[in-house]
Structure formats: C-alpha cells, structure tokens
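> 3D, please:
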Amino acid sequence: MKKETYTFWLPLIAGGIALLSGFVIWSVNVYRVTYLTIRGEQYLACGALLLALVPMVIFIRKGRLKGKRFAGAVKIYLGFFICSLPVAMFVIFTTAWLLEGDYSSWSKPYRYESSTRHTCSGAEVYEPELKKEIRICNPKGNVYSNSTLYVEKRSNALGIVVLWAITRA
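Alright, predicted model coming up:
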C-alpha cells in the first residue's frame with residue numbers, strides 16, 4: 001500500500017468523526033434549548049434562500065444551465081435550498097443562543113408529552129413571549145405530576161434560550 005493513502009484517509013475519518021460529534025453536541029446543547037421568534041424564523045428563511053442563490057449564480061456564470069428548461073433550473077435551485085437549510089439553521093440558532101438578552105422567569109401549568117421519533121419527552125407549555133406552545137425537554141423534578149413549571153430564560157431579538165426549568169407541586 002502507498003503511504004499517501006494513510007495520510008489522506010486518517011485525517012478524513014478523524015474529521016468526519018469530529019464533525020458528527022460536534023453536530024450531536026450542538027443539537028443537544030443549542031438546538032433543544034433555543035426557540036426562535038417570528039423575526040428569527042424570517043431570518044432563517046431569508047438566509048437559506050440567499051445562501052442557495054450563491055451556487056446558483058455560480059452555475060449561471062459558468063454556463064452549466066445552458067440548454068436547461070426553466071423547470072430544470074428551479075429543481076436545481078430547490079436542491080441548493082435544501083442543502084443550505086441546515087447551514088442557515090446552524091448559523092441562526094447559534095446566533096440566537098450566543099446573543100445576550102434580558103433574563104426573566106415565569107411559572108405556568110404544563111402538560112407532560114412523551115417522546116416521539118422526532119422530539120424529546122418533556123413539558124409542553126405556552127410561552128407568552130413567542131405566543132406559541134413549546135416543549136421543554138427533560139425539566140428537573142417530577143414531570144408526570146402535571147403541576148406547574150418554573151422556567152428561567154434569556155430573551156433576545158432572534159428568540160429565547162431556556163436556561164433552567166423545574167416542575168413544582
């Protein structure tokens with residue numbers, strides 16, 4: 001075997017494992033505790049649309065879309081949009097998580113929701129600032145009692161970050 005193959009594959013495999021581990025850590029520590037406002041969701045949509053526009057312009061400049069029908073170009077753009085959505089989500093959610101904001105807390109009744117394939121088990125509660133129901137994953141205390149939930153959060157322009165949650169009798 002050539003020695004160049006080891007110098008190519010080992011960093012590639014180590015980088016892939018590090019990238020996968022980083023994604024798991026990010027999804028648990030950032031994505032599960034950050035909830036976007038309407039403005040944050042609008043930034044997410046616009047960011048993904050504009051991010052998909054960059055490779056589309058490059059394709060047009062290099063002439064790779066010559067001879068394609070309009071429907072084919074739209075399919076290519078939608079493919080770029082689908083690929084750019086996780087990148088935009090990472091940027092917007094991390095920005096909302098990192099931004100400073102106002103610290104506040106509230107206590108409200110909740111209901112327990114079990115986990116499904118795409119969500120975690122936790123407390124389903126109405127968040128007054130976002131004006132929608134959110135699910136707070138695995139709060140401290142007895143979640144099966146369906147009493148009240150005490151939440152400490154940090155609010156900024158892009159969303160809220162749940163810092164701490166506990167059930168109370």
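
> and residue 141, how many residues sit next to it?
15 (other Cβ atoms under 10 Å). (C-beta placed from N, C-alpha, C; glycine too.)

> what's the neighbour count on the closest residue to it other than its chain neighbours?
Nearest non-adjacent residue to residue 141, counting by Cβ to Cβ, 6 or more residues apart in numbering: residue 167, 3.5 Å away. Using other Cβ under 10 Å, residue 167 has 20 neighbouring residues.

> Residue 167 in helix, strand or coil?
strand (DSSP: H, G, I helix; E, B strand; the rest coil).

> now do residue 106
Taken by three-state DSSP, the conformation at residue 106 corresponds to strand.

> right, and it touches residue 128 too?
Yes. The criterion here is Cβ atoms under 8 Å, and residue 106 meets it with residue 128 at 7.0 Å.

> okay, the two: which has more neighbours?
More neighbours surround residue 106 than the other of residue 106 and residue 128, with 14 against 9 (other Cβ under 10 Å).

> and the closest residue to that one other than its chain neighbours, backbone torsions?
Closest residue to residue 106 apart from its sequence neighbours, by Cβ to Cβ, 6+ apart: residue 151 at 5.9 Å. When read as degrees, to the nearest 10, the backbone of residue 151 gives phi -130, psi 130.

> who touches residue 151 in this structure?
105-108, 125, 136, 162, 164-165 (Cβ atoms under 8 Å, 6 or more residues apart in numbering).
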